[in-house]
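**Q** using only what follows, build the 3D model:
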Amino acid sequence: MTVTTGQRSTGVEGTPYAQPSLPTPLADVVCVDPGTDAAGDALVLLRRTADAAGEPLPVADTTPSGWVASPGAVAALAPVDGVGRWLVGAGAGSGSDWRAAGAATVRVVSGRTDPGPLHGAGEGSADGEDVVARVLVTLDEGHPGPDDDAAWTALATGLLLGSHRFGVKSSPRAAAPVVRVAVPEEARPAVERALVLARATAIARDLADTPSGAKSPAWFADQATALLGTVPGLELVVRDEAWLAEQGFGGVLAVGGGSSRPPRFLEITWSPDGASRHVVLVGKGITFDTGGISIKPNAGMADMRTDCSGGAAVVGALGAIATLELPVRVTGLVPLAENHVSGSAYRPGDVVRHYDGRTSEVTNTDAEGRMVLADALGWAVATLEPDVMVDVATLTGAMKVALGVRTGGLFATSEDLAGRLVEAGAASGEPWWPMPLAAAHAADVDSTIADVRQAPPGPGGIVAALFLQRFTGGLPWAHLDIAGPARCDSPHEEVAKGATGFSARTLVEFVAAF
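**A** Down below sits the predicted model:
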C-alpha cells in the first residue's frame, strides 16, 4: 500500500466536532449445522406464509393470535430458562422478504425493534436494551427456508446490515450479538460471500453518515486508507491540492476553493495477476454541500453530509472486490471536496478548465458533483486505459423526483452495459431503472463562451448525464444517479435511517460478472 498525502491539517484536531469510531461494530454471523442445539442461546424461528410454489402454509398451533408471518414481522414467545424466543416472518420468501426477516431478527435480539413493532411483547421481549449476546437462527419446523443461493444471500445480508447502527454518542457501544445461523453445507459459500458484500455496504454507510464537522476531504481519504489498509492486494494513493493544481484538476479545485479544508483525490487499485480487463469506478466525494454561492435552503441541508455516498460506495466496493479476489483489474477514483461559501468560492458565470482541457461555464454552484466527476473521468481516460467506466453519485434532485427513494437512475452508452448493471442490482437487492441519454438534449449542454454548460436547462438528471458523457472519451460508460436511495428517512428491510450504502453491492456484482 502506498499513501501520499499533503502537509496541511485535516481541519479536525482541536475542534469541537465529535469523531466517530469506525468501523461500526456488526453482528458476528456464523454458520452452524441445521439441528444445532439452542441450549444457552436465544432462539429465533423463521416462518413463511407460503412455500416456493406460492402455496399458503398452514398456521401452526403455537402462532400467537392475530400474528401473520409477513416479512420482518416479530412475535415474542415465552422465554425458556430466562432465554428469549421469537418468531420472525419471512413472507413468501422473496429476496426482499428474507432481507427483512434477517434484519428484524438481529434487531429484536439486540433490543432494536425498528422498523416494525413487536407483536405480543412481554417477558423476554426487546425493551430498548441489549437482550442477548448470542442467538441461534433456524427454521420453524415444517416451514421451508431459503430455496437457493440467492435467498440465502438475502437472509445473510439482512442479518449483517440489520445490526448496523451508526452513531457518535458518549455512551459506550453495546456489544454486537453473535448470530449463529443453521445453514446447509452447500449454501455456506453463498452466505460467506454475501457477508463480504454486506460489509462493503456498511463501510459505505459509515463514511457517508459521518458528520461533516469531522469529515473533511483529508479525513475521508485517511479513513478509507485505514479501513482498506489491511486488505491484501490493494494500493491506495491520496493526492493533495498541490498535486491537483499541477495536474490541472480545475473542477475539483473550483468546488473545493471555498472551503478552508482543501480537496483530495483518492485512487484505489486492485490489479491481480493475469487480469486482462480493466474497470474504472468513479465516486462523487463531496464531504459537505452548502450549494456554494447558489446556496441551498436550510431544510434538508444537514443531509448533505451524505453527498459523498458515491465515493463511499466505491471505497466499500473496492474492499469487497479485493477480499473476493475477483480476477478483474479495478481502479476506484474518488475526487474529494467540500462545497462551501466564502470569498474564495467559485461563482456562477465562471469558466473552469478541467483536466482534459475542456472548459465549463458555471451556471449553478450547487451542481458541483459533475464538476469533480468530470476531472476524474477525464483523468481516467487519459491515464488508465479502462475497458469500461462507471461513475456513481448523489447527483440530481431531479432523479429523486423521477424515481423516488428506493430506485437508482441508470444511464449507459449501450443496452448491454445497462443490462449488466440492472442484473448486478437485482442480484444484490438494489433496483435500477434505465434512463435515456436523450440525443434531443445533447445540444443543451453546449455553451456560447465555453465548451460546455455545467447546469443546462432541461430534464435535470438527463442533462447532467449528458454533461458527464462529454468527458468519457467515447469509452463504454455508465452513470449511476443515487440521489434518492443513498439516504433513508423511513427504515425498511435491512436499511435503517441515514446513509444506506446503496450501490456498493451493485458495483461488486457488476465487476464479478464482467
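
**Q** show me where this structure has its helices.
**A** Ranges of helices in the chain, per DSSP state H, are 95-109, 149-161, 188-209, 217-228, 241-247, 250-256, 309-323, 369-383, 397-403, 415-428, 460-469, 504-512.

**Q** okay, the ones you listed in TSV with mean neighbour count next?
**A** Yep, even glycine has a C-beta here, placed from its N, CA and C like the rest. What follows is the helices of the chain, written out as TSV (neighbours: other CB atoms under 10 Å):
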stretch	mean neighbour count
helix 95-109	28
helix 149-161	26
helix 188-209	24
helix 217-228	23
helix 241-247	16
helix 250-256	29
helix 309-323	30
helix 369-383	25
helix 397-403	19
helix 415-428	18
helix 460-469	24
helix 504-512	27
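
**Q** so which of these comes closest to residue 86?
**A** Smallest distance to residue 86 across the helices of the chain (CB to CB): 5.7 Å, for helix 95-109.

**Q** ok now the closest one, how far from the chain's centre?
**A** Computed by CA atoms, centre = their mean, to the nearest Å, the chain-centroid distance of helix 95-109 equals 18 Å.

**Q** burial of the nearest residue to residue 241 once chain neighbours are set aside, as a residue count?
**A** Leaving aside its sequence neighbours, residue 241 sits nearest to residue 262 (CB to CB, 6 or more residues apart in numbering; 4.0 Å). The number of residues packed near residue 262 is 25, by other CB atoms under 10 Å.

**Q** phi, psi of residue 262?
**A** Reported as degrees, to the nearest 10, the phi and psi values for residue 262 are phi -70, psi 160.

**Q** measure it to residue 291 for me?
**A** 19 Å (CB to CB, to the nearest Å).

**Q** what about the residue nearest to residue 106 when sequence neighbours are not counted, how many neighbours?
**A** Once flanking residues are discounted, residue 106 sits nearest to residue 162: 4.2 Å by CB to CB, 6+ apart. Residues contacting residue 162 under the criterion other CB under 10 Å number 32.

**Q** again with residue 274
**A** The burial count for residue 274: 6, using other CB under 10 Å.

**Q** excluding covalently adjacent residues, which one is nearest to it?
**A** Using CB to CB, 6+ apart, the nearest residue to residue 274 is residue 327, at 6.8 Å.

**Q** list the contacts of that neighbour.
**A** 272, 274, 275 (CB atoms under 8 Å, 6 or more residues apart in numbering).

**Q** quick one: the last one and residue 325, what's the gap?
**A** The reference is to residue 275. Taking CB to CB, one finds residue 275 at 11 Å from residue 325.

**Q** which of the two has more neighbours?
**A** residue 275 (14 against 10).

**Q** pLDDT and distance to residue 429 for the contacts of residue 327 - can I get that in JSON lines?
**A** Below are the contacts of residue 327 laid out as JSON lines (pLDDT from 0 to 100; distance: CB to CB, whole Å):
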{"residue": "272", "pLDDT": "97", "distance to residue 429": "27"}
{"residue": "274", "pLDDT": "93", "distance to residue 429": "31"}
{"residue": "275", "pLDDT": "95", "distance to residue 429": "27"}
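
**Q** quick one on the thing from earlier: looking at the helices of the chain, spot the one closest to residue 409.
**A** helix 397-403 (4.3 Å).

**Q** show me what that closest one is packed against.
**A** strand 408-412, helix 460-469 (3 or more CB pairs under 8 Å, 6 or more residues apart in numbering; DSSP states H and E).

**Q** gap between the last one and the chain center?
**A** What that stands for is helix 460-469. The answer for helix 460-469 is 22 Å, by CA atoms, centre = their mean.

**Q** okay, that helix in CSV with CA atoms only?
**A** Only the C-alpha atoms of helix 460-469 are listed here, as CSV (Å, rounded to 0.1, in the frame of the first residue of the first chain):
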residue,chain,number,x,y,z
GLY,A,460,-32.1,17.7,-14.7
GLY,A,461,-30.9,14.1,-14.5
ILE,A,462,-30.6,13.6,-18.2
VAL,A,463,-28.7,16.8,-19.0
ALA,A,464,-26.3,16.1,-16.0
ALA,A,465,-25.6,12.7,-17.5
LEU,A,466,-25.1,14.3,-21.0
PHE,A,467,-22.6,16.7,-19.4
LEU,A,468,-20.6,13.9,-17.9
GLN,A,469,-20.6,12.0,-21.2
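
**Q** ok so, going back, looking at the contacts of residue 327, spot the one nearest residue 495.
**A** For those, the nearest to residue 495 is residue 272 (32.0 Å; CB to CB).

**Q** number of nearby residues for that closest one?
**A** Neighbour number of residue 272 under other CB under 10 Å is 14.

**Q** was I right about it contacting residue 321?
**A** No: Residue 272 is beyond contact range of residue 321, at 9.5 Å (criterion: CB atoms under 8 Å).

**Q** nearest to residue 38, of the helices of the chain?
**A** Among the helices of the chain, if distance is taken as CB to CB, the winner is helix 95-109, at 12.6 Å.

**Q** avg pLDDT for the closest one?
**A** Across helix 95-109, pLDDT averages out at 93.

**Q** how about stretch 235-248?
**A** 97.

**Q** what's the first-to-last distance across it?
**A** Stretch 235-248 has its terminal residues 23 Å apart, counting by CA to CA, to the nearest Å.

**Q** stretch 447-460 now?
**A** 16 Å.

**Q** one more: stretch 271-280?
**A** End to end - CA to CA - stretch 271-280 spans 12 Å.

**Q** check which residues of it are buried.
**A** 278, 279, 280 (16 or more other CB atoms under 10 Å).

**Q** report the beta-bridge partners for the nearest residue to the second one once chain neighbours are set aside.
**A** Think residue 279. Distances taken as CB to CB, 6+ apart place residue 330 nearest to residue 279, at 5.0 Å, with adjacent residues excluded. Counting by DSSP bridges, residue 330 is bridged to residue 270, residue 279.

**Q** and for residue 330, the neighbour number?
**A** Counted with other CB under 10 Å, residue 330 comes out at 27.

**Q** again with the one 10 residues further on
**A** If you count neighbours by other CB under 10 Å, residue 340 ends up with 22.

**Q** so what's it up against?
**A** 258, 259, 260, 288, 290, 292 are the contacts of residue 340 under CB under 8 Å, 6+ apart.
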